[in-house]
Each structure stands twice: as C-alpha cells, then as structure tokens.
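Participant: Just to be clear, the model below is a prediction. Sequence and coordinates:
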Amino acid sequence: MSAIVNKFLPSPKTIAIVGCPFSGGQTKIGVDKGPIHLVEAGLVNQLEEIGWSVNFDGHHQFEEIQAASDPPIGKLKNPRLVSRVCESVAKVVGEHARNGQLPVTLGGDHSLAMGTISGTLNSYPEACVIWIDAHADINTLETTGSGNIHGMPVSFLLGLGEKIAEYSWVKSALKPERLVYIGLRDIDAGEKRILKENNIKAFSMHEVDKYGIGKVVDMALDHVNPNRDLPIHLSFDVDALDPSVAPSTGTPVRGGLTFREGHYICEAIHETGLLVALDLMEVNPSLADPESVRQTIAVGCSLVRAALGETLL
Ligand SMILES: NC(=[NH2+])NCCC[C@H](N)C(=O)O
Ligand SMILES: [Mn+2]
Ligand SMILES: [Mn+2]
C-alpha cells in the first residue's frame, strides 16, 4: 500500500467496484462491454495487489425500458432509460460511500456520472469534482446538437437548463466553483457559453501545453480544493487521452493527454489523500482492432491503479 493515508476512508481500505454495462447515453454499440473487459483484464486482483480490499459482486443489473416506451424529450435520446439507470447508480454509489468504501465505477458511457456524482454528493455534500475529458459534457436540453445524454451530465448536476420532469431526482447539488476540467479540446459553441456564464474553471489542452501537467493539476486543485481538505470525486473519460494512447472509445479527439499526463493526474489526486470516488468511462472494446482494444483496456486499468496508489518507485 502506498504511504499516503486517505483522510476519509476507515481501515481496512475497501474499494467497491460498480461495473456499469450501459450505453444508452450515446448511440454506438459496445461501450456497455467496457466494464466487463476491464474486470476480465484482472483489475480486481491488481487493486488487491496494491493493498486494497475489493468488494465486487458482479456487474450492476439495469432495468430495461423498451425504446418504444421511451420517445425523445426534445432532442434527448433514451431520456427515461438514462434517468432510471443513473438514479439506480446514484443509490449504489451513495450506499458504498456511506459504508466507508471507495466506489470505483466502470463505464459505460459518461451519462453515468450523473449517477455517480449524485451518489458522492449525497454522502459528501462538500465534495469537489475533477472532470478529465476531451469534452465538457455540459450541454442542456436547449444546446445539445446530438441529443446524446453522455454529452450532458454536468449540466444536470449543476441544475442548468430547462428542468425535465423525468430528472427531478437529480438534486443539482454541485456548485460551479466545486468543478474543474482538465483535457478539454472539443467543446460545442453552446457549451463554451455555459462555461463562461457560470465561471467554470477549465484547463484545456492549450493550458496543459503551456504550463505542463504538474502545474495544471496544482492550479486545478487550488481552485476546487484550496485548503486540500475537501473530498474529491475524479471522473475520468478515457477519451481525454490522445487516441494514439486510448483508441477504443466512441468520440476520440486528436491532440489529447499523453500516457504519462493521464497517469500523472491520477497519481497527483491519489497523493492528496482526498479521493472518495472514481469513474472510468467511455472504454468501448467494440471500436478499433484487437491490439488497440487491448491497449485501451490496459491503459484503463493502469489509470485506475494510479489513482488508487500504485507508485512508480
Ligand atoms: N462523454 C462523451 N464522450 N461525450 C461526448 C459529447 C460530444 C458532444 N459535445 C455532444 O454533446 O454530443
Ligand atoms: Mn469525452
Ligand atoms: Mn465525457
């Protein structure tokens, strides 16, 4: 076990793996297979080897809603299904957190973070969110072009945009000043406006190039966690990494984080001793050739290990 002591978890330090084979927040098949591949690659053992107790009793089972009974709301695709799934994920993540375990949610598409972060905030209302992504995922009912809800979870968590009755369970408990992004490089026009209007701190790839990842992580933490005493929820979309590093994902964008930059972020968050929840999202083993899939799964596992205390020395 790494020498860093987690300030929020009782001993024995326990991870609860929440496997979420869910793809309803977007339209490409295969992202629901992400968690299955990550677990089959040996993630549970790997985490035990670095000193954690790991609680994993199979992937989360979701209620099914037939497409016919889930027509679009505005442009939103599968709106009831996504809502129901995220609500159940919020319950599971919240329960694990209340039991003193650290939920590690494996996606699945990034709409799931509406659930995971709601769960975290139910147990740790003062938590901050560090969102690592090529995308801001902050579209609203009004701004979304694709209607894919994986491009929207942050706006729901912040309570932006027109209210949707189906989503009334989302408490919108996240404050804009408790959110920070790293890795952005593909932001829709409406999203840029939302980020500005709400004064949301974001470090795009431009800032990563300019300052280096070490400084960027320090500045991100100074913003959301100035006294280094608040719980941290880290939501990592694997498409934050450059497509040469993590090719198997649904919406790859060139010019992303290197292998080391991605790992550095995870290591630095671990070093705070403040991590209370982790998401690894958008791993899609159905996209790209077998070697690229193997590479993406391996990177996914190693990011999770890095965030949970695997050290280089
Ligand atoms: N989680 C993701 N990969 N999101 C991609 C979102 C892309 C685009 N901004 C949209 O709203 O559709
Ligand atoms: Mn993304
Ligand atoms: Mn995302």
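Facilitator: Cool, the structure landed. Residues are numbered from 1 along each chain as shown. Ligands and ions are numbered 1, 2, ... in the order given.

Participant: Quick check: buried residues in stretch 253-263?
Facilitator: Neighbour-count burial for stretch 253-263, counted by 16 or more other C-beta atoms under 10 Å, picks out 253, 256-257, 259, 261-263. Glycine gets a C-beta too; all of them are placed from N, C-alpha and C.

Participant: right, I mislabeled it, should have said stretch 83-97
Facilitator: By 16+ other C-beta under 10 Å, the buried positions in stretch 83-97 come out as 83-90, 92-94, 96-97.

Participant: For stretch 26-34, the averaged confidence score.
Facilitator: Per-region confidence: stretch 26-34 scores 97 on mean pLDDT.

Participant: got a list of contacts for it?
Facilitator: Here stretch 26-34 makes contact (C-beta atoms under 8 Å, 6 or more residues apart in numbering) with 21-23, 77, 106-109, 111, 146, 148-151, 250-251, 281-287, 300.

Participant: buried set for that stretch?
Facilitator: 26, 30-34.

Participant: just the residues you listed now: which is nearest residue 141?
Facilitator: residue 26 (16.5 Å; C-beta to C-beta).

Participant: Establish whether stretch 251-260 and ligand 3 are in contact.
Facilitator: No - using C-beta under 5 Å from the ion, stretch 251-260 never reaches ligand 3; the gap is at least 7.9 Å.

Participant: got the end-to-end distance for that stretch?
Facilitator: 21 Å (C-alpha to C-alpha, to the nearest Å).

Participant: That stretch near ligand 1 anywhere?
Facilitator: Yes - applying C-beta under 6 Å from any ligand atom, one finds stretch 251-260 touching ligand 1 at residue 251.

Participant: Just the mean pLDDT for that stretch, thanks.
Facilitator: 98.

Participant: Next up, phi/psi of the residue of the chain found nearest ligand 1, please.
Facilitator: Nearest residue of the chain to ligand 1, counting by C-beta to the nearest ligand atom: residue 151, 2.2 Å away. When read as degrees, to the nearest 10, the backbone of residue 151 gives phi -90, psi 20.

Participant: Would you agree it is in contact with residue 144?
Facilitator: Yes - between residue 151 and residue 144 there is a contact under C-beta atoms under 8 Å: 6.2 Å.

Participant: Could you find the closest non-adjacent residue to the residue of the chain closest to ligand 1?
Facilitator: Leaving aside its chain neighbours, residue 151 sits nearest to residue 139 (4.9 Å; criterion: C-beta to C-beta, 6 or more residues apart in numbering).

Participant: Excluding chain neighbours, give the residue nearest to residue 43 in space.
Facilitator: Closest residue to residue 43 apart from its sequence neighbours, by C-beta to C-beta, 6+ apart: residue 301 at 5.0 Å.
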